[in-house]
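> Make a model of this:
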Amino acid sequence: MALITLLDAHLAFGDRPLLDGAQFSVEGGERLGLIGRNGTGKSSLLRIIAGLGHLDDGELQQRTRLRVAFVEQEPELPAAETLRDSLLERASSGAGANGLAHEQLHADERERWRMESRLTEFMHRFELDEARSPATSSGGERKRAALALALTLQPDLLLLDEPTNHLDIEGIERLEELLLKVPAAIFITHDRAFLDRVTSRIIELDRGVLRSYPGNFSAYEERKESELAAEETVRRRFDKFWAQDEVWIRKGVEARRTRNEGRVKRLERLRTERTERLDRLGNVKISLDTGERSGQLVAELTDVTKRFGDRTLIDGLSTRIMRGDRIGLIGPNGGGKSTLIRMILGTLAPDSGTVKLGTNLQVAYFDQLREQLDPEATVAETISPGSDWVEIGTERKHIMSYLADFLFPTQRAKSPVKMLSGGERNRLLLARLFARPANLVVLDEPTNDLDIESLELLEQKLQDYTGTLLLVSHDRRFLDNVVTQTLAAEGNGLWHEYVGGYSDWLKQRTTRPAAGTGAAKTAPANRDKSVTTSDNKVRVKLSFKDQRELASLPVEIEALEREQTELTARMSTPDYHRQGAQQARTDGKRLEEIEALLLAKFARWESLEEQQRGRRVGSA
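Residues are numbered from 1 along each chain as shown. Model (predicted):
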């Protein structure tokens, strides 16, 4: 039996249908990617499946005692002293877990201990500090915490709304590995690399209808391209036929005398169909005006260092950015990417070293926090305060026409910014940036909340852009399609430059010459940072035995996890009770042993990696 089945589902927002007779089902073992334009109702559908919303009409069927866990786009964590306590409170309240967590927490003591043990394991995997206060946790930490709890609950069906937002590349890849092992999942995401790796089927929500495409996102793209071409051909024929009949019926008195009643009725039917037909949503129209050319040198950093407290984000970085460079900045959250951007733009001074900016720079800066937007201003005022016109290069556009290019209808232009969704704010900030000429475009996480079609159009425009581009992004495919150079944060303030995008960085980083050889221009030749990272930190060489243990631990952990999954699945089968009480006790004991072994091996793995990375000396 299917886990869930949606039958003839109807849902509307005002007079706009989100679901119009939609139907689909989810089987065990499937991992579905739910895609569609912003505002089409994807999140609403996920909330209905999670039991947090209701259909206007139709039916949602689900398997008896289906265990569902849901992680919303912006998870809310209850107030508590620690992040761990907050997650336990979230679990106890049943938030996003369909009562699943409440059952586990209020079961017998052994089951509660197992759940809390799993929570420790997943918080460790997502590199979360259990003792951190949720009030001071970043958006990325809150998202990782909610994901850790959802995986802890071991649901039959996992629902994730934009799970990659706020995660760095390492976190996204870790999540991908974990999702490949869940019983079933549905997730909304614009991350095409994520969809390619994880999904077994794509579900597209388009004009109220759900369409199914077997395979990953690449397979969907191939099939969708041929579908759209066929749809466009049919549409052109329909419109031509409709136009011909409109001309015919207006010919005049002679034609009206001789027309037959059947043709008139057919025309009326065509008019009705054309009125009711839901056209595909328009595409965002983006144009970039490079303005005047900048100088040949855009920025030069010489031995730049920046610290915050005892954390070194940038240590001795030297690099040049030349006109026409297209540089992608990658690295973990908190690794210094936004800090480096601010120093290049001259809004933040380095602790030491020099930053020299080029001449004639016209900068367009996309801030990931959207702090440039005044929440009280209207959409139109944000784009062109005090004027009804926007000038882009040699073209002069009315503000309403320009906003329509970014999918803002006329009535929306008068709305205050604070009323906009995350995707709408992203589009508004892009509209504001591109309304002005710029020969240096700086984009800090521009892909968050953009739907895939808008994302692909932005890619295309950036590929055609002839100015200088600095891009911070965790979207691997976006980086591959846009940048020609990559500047990567590699820990302890050390940065290295690579030719190409994310995929090229993956290939090159394992063969990169050691710092200090002079091969990498971002590492000064007189400082061997791969050996010494600070005055009171040294590298510790592991013994041969420890090295072998470190290499074998991931394999051992994977084997234990595989055994755990298989054992849990066997114990969950309907006829398992026929194997007898002794077998159940044996299997239950083995599950406890596996959980204890996993905790011990994860702790040992962390300890060995910490030794390999380096330890502080001098204080002892």
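
> name the element Ala438 belongs to?
Counting by DSSP states H and E, no helix or strand carries Ala438.

> need the contact list for the residue lying closest to it once chain neighbours are set aside.
Spatial nearest neighbour of Ala438, chain neighbours left out: Ala364 (3.6 Å); criterion: Cβ to Cβ, 6 or more residues apart in numbering. For glycine as for every other residue, the C-beta is placed from the backbone atoms N, C-alpha and C. With contacts defined as Cβ atoms under 8 Å, 6 or more residues apart in numbering, the neighbours of Ala364 are Leu433, Phe434, Arg436, Ala438, Leu440, Val441, Val442.

> which SSE is Ala364 in?
Ala364 belongs to strand 363-366 when assigned by DSSP H and E.

> Can you tell me the strand partners of that strand and which way each runs?
strand 440-444 (parallel) (DSSP bridges).

> is the residue nearest to Ala438 in a bridge, and if so with what?
Val441.

> Name only those of the contacts of Ala364 that count as buried.
Buried subset of those (neighbour count, 16 or more other Cβ atoms under 10 Å): Leu433, Phe434, Ala438, Leu440, Val441, Val442.

> now these as JSON lines including pLDDT and distance to Tyr213?
Formatted as JSON lines, those follow (pLDDT from 0 to 100; distance: Cβ to Cβ, whole Å):
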{"residue": "Leu433", "pLDDT": "78", "distance to Tyr213": "34"}
{"residue": "Phe434", "pLDDT": "79", "distance to Tyr213": "32"}
{"residue": "Ala438", "pLDDT": "85", "distance to Tyr213": "38"}
{"residue": "Leu440", "pLDDT": "91", "distance to Tyr213": "40"}
{"residue": "Val441", "pLDDT": "91", "distance to Tyr213": "34"}
{"residue": "Val442", "pLDDT": "92", "distance to Tyr213": "36"}
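
> between those, which is closest to Asp206?
Of all the buried ones among the contacts of Ala364, Phe434 has the smallest distance to Asp206: 26.8 Å, by Cβ to Cβ.

> In this structure that closest one contacts Lys397, no?
No. Look at Phe434 against Lys397 with Cβ atoms under 8 Å: they stay out of range, at 11.6 Å.

> Which of the helices or strands spans the residue lying closest to Lys356 once chain neighbours are set aside?
Leaving aside its chain neighbours, Lys356 sits nearest to Glu300 (4.4 Å; criterion: Cβ to Cβ, 6+ apart). Element membership for Glu300, per DSSP H and E: strand 297-308.

> Next, Asp480: secondary structure please.
Classification of Asp480 using DSSP: H, G, I helix; E, B strand; the rest coil returns helix.

> Report how many residues lie close to it.
18 (other Cβ atoms under 10 Å).

> Return the residues in contact with it.
By Cβ under 8 Å, 6+ apart, Asp480 lies in contact with Gly501, Tyr502, Ser503.

> Please apply the same query to Asp303.
Asp303 makes contact with Gly316, Leu317, Ser318, Ser352, Gly353, Thr354, Pro524 under the criterion Cβ under 8 Å, 6+ apart.

> Can you flag the buried ones in those residues?
For the contacts of Asp303, a neighbour count by 16+ other Cβ under 10 Å gives the buried set as Gly316, Leu317, Ser318, Gly353, Pro524.

> How about the contacts made by the fourth one?
Contact criterion Cβ under 8 Å, 6+ apart gives Leu301, Thr302, Asp303, Val304, Thr305, Gly316, Leu317, Ser318 as the residues in contact with Gly353.

> From Ile314, how far off is it?
9 Å (Cβ to Cβ, to the nearest Å).

> With Ile172 instead?
For Ile172, the distance to Ile314 equals 24 Å [Cβ to Cβ].

> what's the neighbour count on Leu340?
Neighbour count of Leu340, defined by other Cβ under 10 Å: 27.

> That should have said Arg311, apologies.
Arg311 has 11 nearby residues by other Cβ under 10 Å.

> Flag the shaky bits of the chain, pLDDT-wise.
For the chain, the stretches flagged by pLDDT under 70 are 95-108, 238, 240-292, 368-372, 393, 510-542, 544, 572, 574, 612-620.

> Enumerate residues external to stretch 135-144 that contact any of its residues.
71, 74-75, 77, 79, 83, 126-128, 132, 134, 145, 163, 165-168, 171, 333-334.

> oh, I was asking about stretch 341-348
With contacts defined as Cβ under 8 Å, 6+ apart, stretch 341-348 is touched by 299, 301, 304, 306, 314, 321, 329, 339, 349-350, 355, 357, 363, 365, 442, 444, 470, 472.

> Could you check that stretch and say which residues are buried?
By 16+ other Cβ under 10 Å, the buried positions in stretch 341-348 come out as Ile341, Arg342, Met343, Ile344, Leu345.

> next one: stretch 210-229
So stretch 210-229, judged by 16+ other Cβ under 10 Å, has buried residues Leu210, Arg211, Tyr213, Asn216, Phe217, Tyr220, Glu221, Lys224.

> Helices - which of those land there?
Among the buried residues of stretch 210-229, the residues falling in helices (DSSP state H) are Phe217, Tyr220, Glu221, Lys224.

> for Leu60, phi and psi?
Backbone torsions of Leu60, given as degrees, to the nearest 10, read phi -120, psi 110.

> contacts for the strand or helix carrying Ser44?
In this structure, Ser44 sits in helix 42-49 according to DSSP H and E. By Cβ under 8 Å, 6+ apart, the surrounding residues in contact with helix 42-49 are 4, 6, 9, 11, 13, 18-19, 22, 34-36, 53-55, 60, 68, 70, 72-73, 157, 159, 161, 186, 188, 205.

> Run the chain-centre distance for that helix.
Relative to its chain's centre, helix 42-49 lies at 18 Å (Cα atoms, centre = their mean, to the nearest Å).

> For the nearest residue to Leu195 once chain neighbours are set aside, give its distance to Gln460.
Nearest residue to Leu195, sequence neighbours excluded (Cβ to Cβ, 6+ apart): Phe217, at 3.7 Å. Going from Phe217 to Gln460 by Cβ to Cβ gives 18 Å.

> what's the answer for Leu119, then?
From Leu119 across to Gln460, the span is 44 Å (Cβ to Cβ).

> When the two are compared, which one has more neighbours?
Leu119 (22 against 13).

> Doesn't the more buried one lie inside a helix?
Yes. The assignment for Leu119 by three-state DSSP puts it in a helix.

> Wait, it touches Leu149, no?
Yes. Between Leu119 and Leu149 there is a contact under Cβ under 8 Å: 6.6 Å.

> Which neighbours do those two have in common?
Listed as contacting both Leu119 and Leu149 by Cβ under 8 Å, 6+ apart are Leu87.

> how about the strands in the stretch 1-150 of the chain?
Remark: strands assigned in the stretch 1-150 of the chain by DSSP state E, counting those that start in this stretch are 4-13, 16-26, 31-35, 57-62, 68-71.

> so which of those strands is the most packed in?
strand 68-71 (a mean of 25; mean count of other Cβ atoms under 10 Å).

> Distance from that one to the middle of the chain?
17 Å.

> Which strands and helices lie in contact with that strand?
Helices and strands touching strand 68-71, as assessed by 3 or more Cβ pairs under 8 Å, 6 or more residues apart in numbering; DSSP states H and E, comprise helix 42-49, helix 100-105, helix 139-152, strand 157-161.

> 10 Å instead?
Helices and strands touching strand 68-71, by 3 or more Cβ pairs under 10 Å, 6 or more residues apart in numbering; DSSP states H and E, are helix 42-49, helix 100-105, helix 139-152, strand 157-161, strand 185-188.

> JSON lines for the ones you listed, including distance to Glu561 and mean neighbour count?
JSON lines is the format used below for the helices and strands packed on strand 68-71 (distance: least, Cβ to Cβ, whole Å; neighbours: other Cβ atoms under 10 Å):
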{"stretch": "helix 42-49", "distance to Glu561": "27", "mean neighbour count": "21"}
{"stretch": "helix 100-105", "distance to Glu561": "19", "mean neighbour count": "20"}
{"stretch": "helix 139-152", "distance to Glu561": "12", "mean neighbour count": "24"}
{"stretch": "strand 157-161", "distance to Glu561": "16", "mean neighbour count": "25"}
{"stretch": "strand 185-188", "distance to Glu561": "17", "mean neighbour count": "24"}
